[in-house]
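Colleague: build the 3D model from these lines:
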Amino acid sequence: MTDTSFDSLPLNSAELSNLERLGYKEMTDIQQKSLPIALSGADLIAKAKTGSGKTAAFALPMLHKLNAKNYYIQTLVLCPTRELAQQVAEEIRRLARSQHNVKVLTLCGGQSIGPQIGSLEHGAHIIVGTPGRIQDHLRKNTLDLSRLTTLVLDEADRMLEMGFVDAVEAIAGHSPSSRQTMLFSATYPEKIEALSRRLMKDPQVVSVDAQHSDTHIEQLFVEVERKEKVNTLLKLLSHYQPNSTVVFCNTKQETKEVSHAIYQAGGSSVALHGDLEQRDRDQVLVRFSQASACVLVATDVAARGLDIDDLALVVNYDIPRDVEVYIHRVGRTGRAGKSGRAVCIYSPNEAYKLEAIEDYRKQPISYLDPTELDESKPLSRPEWISLELQAGKRDKIRPGDLLGALTAQGGIQGSAVGNIAIYPNVSYIAIAKSDANRALKMLTEGRIKGRRFRARKAH
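Modeller: As a prediction, this is how the structure comes out:
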């Protein structure tokens with residue numbers, strides 16, 4: 001037995017069996033350092049980046065001490081964005097499978113508050129939400145945190161960047177001082193340190209480097225005049241032919257312009273920025289995660305919580321203002337030991353920023369000559385199409401219902417059905433492009449759970 005084995009933790013046999021079924025073989029660095037502390041009940045500050053396994057690092061301890069027979073809110077997880085909250089809630093549900101009847105509710109903005117109030121009236125054990133919406137419920141007295149035993153602040157640095165520091169403190173004030181508090185953050189600026197002093201009791205601090213080693217990620221830098229940035233990006237996409245790319249821009253306007261340029265060049269691109277309505281944000285993220293769009297152009301805050309396991313290319317269309325943001329962006333590729341590639345396009349007046357990146361990485365910069373890029377190939381096109389069905393969790397729709405409707409009676413082959421994402425009022429199904437029209441006809445003309453629903457291609 002090694003220290004990286006989950007067997008070395010004080011977890012019961014059902015919890016360990018569930019971890020094994022879910023494919024949790026060995027602890028990641030952050031899990032190895034934080035789980036013994038968190039399971040002991042101590043307050044914890046953990047510096048860890050996205051993709052390090054931090055969700056399990058806080059979810060396992062809170063589930064271990066949760067008593068499902070006590071039907072009141074025992075845990076609150078605060079996240080900066082709705083997308084991250086949804087991902088965290090889903091992973092908690094998976095990790096909670098070893099326990100019966102654990103109810104996890106997601107409370108975020110961008111959704112009607114009425115149904116959330118109705119769900120709260122039926123009770124819950126774990127709440128995962130964004131600060132603004134949690135405050136809305138506290139003001140309406142529809143959320144009771146008086147018996148909270150665990151408070152988790154996930155991606156605390158982003159919550160502070162987005163101006164949630166006062167909200168976080170106010171929310172914590174509605175919970176008992178005897179609670180356990182766990183704070184996870186990719187960076188640890190002074191504001192986080194000050195917040196931890198106000199909210200926590202003798203916290204133990206652990207820190208791990210990014211899971212993404214530079215040995216797995218080829219990092220290249222290409223200098224061009226600012227007016228040539230778009231053309232250089234298109235050349236990169238043609239040269240490398242990646243099937244999944246995230247392009248990071250510093251402004252919302254740039255995401256729109258760059259995404260449009262990729263579309264005009266024959267590529268498949270979606271833009272993610274703060275001006276989108278929540279439903280449109282969901283659809284953009286789903287299309288990219290379902291591989292029905294090859295390129296996601298996004299700002300940092302908009303892409304927070306994005307979790308794609310096999311990202312072929314990351315492009316920094318602008319050098320970010322903070323070197324740690326650069327590291328975080330690049331760390332989206334090359335996960336789990338896979339090879340990855342990151343290219344940074346910069347103009348001459350941004351060259352001074354490279355020194356900070358070089359110092360941080362402790363490695364010399366590798367440069368790319370733009371004249372060596374082969375721009376003769378067409379941009380990658382997706383092999384999947386996302387179909388949108390006007391039915392979701394509120395209609396009691398499950399993935400098996402959709403899979404069955406498509407594959408029953410010699411219809412679509414199971415291999416032609418990809419990722420399925422189900423939201424409260426809508427569902428998205430990835431279908432192989434060659435089967436998309438037939439699948440759409442089956443969904444619109446057939447019945448699911450005895451009912452007919454509208455469907456269309458998501459675009």
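Colleague: show me which residues of stretch 121-141 are buried.
Modeller: Within stretch 121-141, the residues that count as buried by 16 or more other Cβ atoms under 10 Å are 124-131, 133-138. No exception for glycine: its C-beta is placed from N, CA and C like everyone else's.
Colleague: err, stretch 190-198, not the other one
Modeller: Neighbour counts over stretch 190-198 (16+ other Cβ under 10 Å) mark 192, 195-196 as buried.
Colleague: sorry, back to before: going by distance to residue 69, which of the buried residues of stretch 121-141 wins?
Modeller: Distances from residue 69 to those, taken as Cβ to Cβ, are shortest for residue 125 (10.0 Å).
Colleague: how near is that closest one to residue 315?
Modeller: Between residue 125 and residue 315 the distance, using Cβ to Cβ, to the nearest Å, works out to 42 Å.
Colleague: over to residue 261?
Modeller: When Cβ to Cβ is applied, the distance between residue 261 and residue 315 equals 13 Å.
Colleague: one more: residue 31?
Modeller: Shown here: residue 31 relative to residue 315, a distance of 31 Å by Cβ to Cβ.
Colleague: nearest to residue 327 among the buried residues of stretch 190-198?
Modeller: Distance to residue 327 across the buried residues of stretch 190-198 (Cβ to Cβ) is lowest for residue 192, with 17.1 Å.
Colleague: settle this for me: the closest one is touching residue 156, isn't it.
Modeller: Yes. Taking contact to mean Cβ atoms under 8 Å, the distance of 5.6 Å between residue 192 and residue 156 places them in contact.
Colleague: residues shared between the contacts of these two?
Modeller: With contacts defined as Cβ atoms under 8 Å, 6 or more residues apart in numbering, the residues adjacent to both residue 192 and residue 156 are 183, 185.
Colleague: where does this structure dip in pLDDT?
Modeller: Screening the chain residue by residue with the criterion pLDDT under 70, one finds the ranges 1-3, 49-51, 209-215, 301-310, 335-338, 409-410.
Colleague: can you give the domain ranges for it?
Modeller: 6-207, 214-372, 384-457 (automatic domain parsing).
Colleague: right, and these - which one's nearest residue 378?
Modeller: Using Cβ to Cβ as the criterion, the shortest distance between residue 378 and the domains of the chain is 5.9 Å, found for domain 214-372.
Colleague: so how far does stretch 136-155 reach from one end to the other?
Modeller: 21 Å (Cα to Cα, to the nearest Å).
Colleague: and that stretch, which residues are buried?
Modeller: Along stretch 136-155, these residues count as buried under the neighbour rule (16+ other Cβ under 10 Å): 136-138, 142-143, 145, 148-155.
Colleague: what does stretch 34-54 give?
Modeller: Result for stretch 34-54 [16+ other Cβ under 10 Å]: buried residues 34-39, 42-54.
Colleague: let's see which of those residues end up in helices.
Modeller: 34-39, 54 (DSSP state H).
Colleague: just those residues now: which is nearest residue 387?
Modeller: residue 54 (33.0 Å).
Colleague: can you say which helix or strand has residue 77 in it?
Modeller: Element membership of residue 77 [criterion: DSSP states H and E] is strand 75-78.
Colleague: how far does whichever helix or strand comes after that strand sit from the chain's center?
Modeller: Once the chain leaves strand 75-78, the next helix or strand it forms, by DSSP H and E, is helix 82-95. Its chain's average C-alpha position is 9 Å from that of helix 82-95, according to Cα atoms, centre = their mean, to the nearest Å.
Colleague: check which helices and strands helix 82-95 sits against.
Modeller: When contacts are defined as 3 or more Cβ pairs under 8 Å, 6 or more residues apart in numbering; DSSP states H and E, helix 82-95 sits against helix 54-65, strand 75-78, strand 104-107, strand 126-129, helix 278-289.
Colleague: and the angle for the following helix or strand past the fourth one with helix 82-95?
Modeller: Read that as strand 126-129. Proceeding C-terminally, strand 126-129 gives way to helix 131-139 as the next helix or strand, assigned by DSSP H and E. Between the axes of helix 131-139 and helix 82-95, defined by axes from the mean of the first three to the mean of the last three Cα atoms, to 10 degrees, the angle is 70 degrees.
Colleague: and helix 131-139, how far out from the chain's middle?
Modeller: What separates the centre of helix 131-139 from the centre of its chain is 22 Å, taken as Cα atoms, centre = their mean.
Colleague: and stretch 443-455, how far apart are its ends?
Modeller: Distance between the two ends of stretch 443-455: 7 Å, counting by Cα to Cα.
Colleague: ok, the spatially closest residue to residue 28 that is not a sequence neighbour to residue 19 distance?
Modeller: Taking Cβ to Cβ, 6 or more residues apart in numbering, and ignoring the residues beside it in sequence, residue 28 has residue 53 as its nearest neighbour in space, at 3.6 Å. Applying Cβ to Cβ, the value for residue 53 to residue 19 is 12 Å.
Colleague: ok, now residue 192?
Modeller: If you measure residue 192 against residue 19 using Cβ to Cβ, the figure is 30 Å.
Colleague: tell me, how many residues neighbour residue 177?
Modeller: By other Cβ atoms under 10 Å, 9 other residues sit near residue 177.
Colleague: no wait, residue 173
Modeller: 11.
Colleague: with residue 178 instead?
Modeller: 8.
Colleague: where does it sit: helix, strand or coil?
Modeller: Using DSSP: H, G, I helix; E, B strand; the rest coil, the three-state assignment for residue 178 comes out as coil.
Colleague: next, give phi and psi for it.
Modeller: In this entry, residue 178 is assigned phi and psi values of phi -80, psi 0 (degrees, to the nearest 10).
Colleague: residue 191 too?
Modeller: Backbone torsions of residue 191, given as degrees, to the nearest 10, read phi -60, psi -40.
Colleague: picking that back up, what residues are up against the residue nearest to residue 28?
Modeller: Residues touching residue 53, when contacts are defined by Cβ under 8 Å, 6+ apart, comprise 27-28, 30-31, 211.
Colleague: kindly reformat these as CSV and extend each row with distance to residue 357, secondary structure and neighbour count.
Modeller: Putting these into CSV (distance: Cβ to Cβ, whole Å; DSSP: H, G, I helix; E, B strand; the rest coil; neighbours: other Cβ atoms under 10 Å) gives the following:
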residue, distance to residue 357, secondary structure, neighbour count
27, 30, coil, 24
28, 25, coil, 21
30, 24, helix, 24
31, 29, helix, 26
211, 19, coil, 21
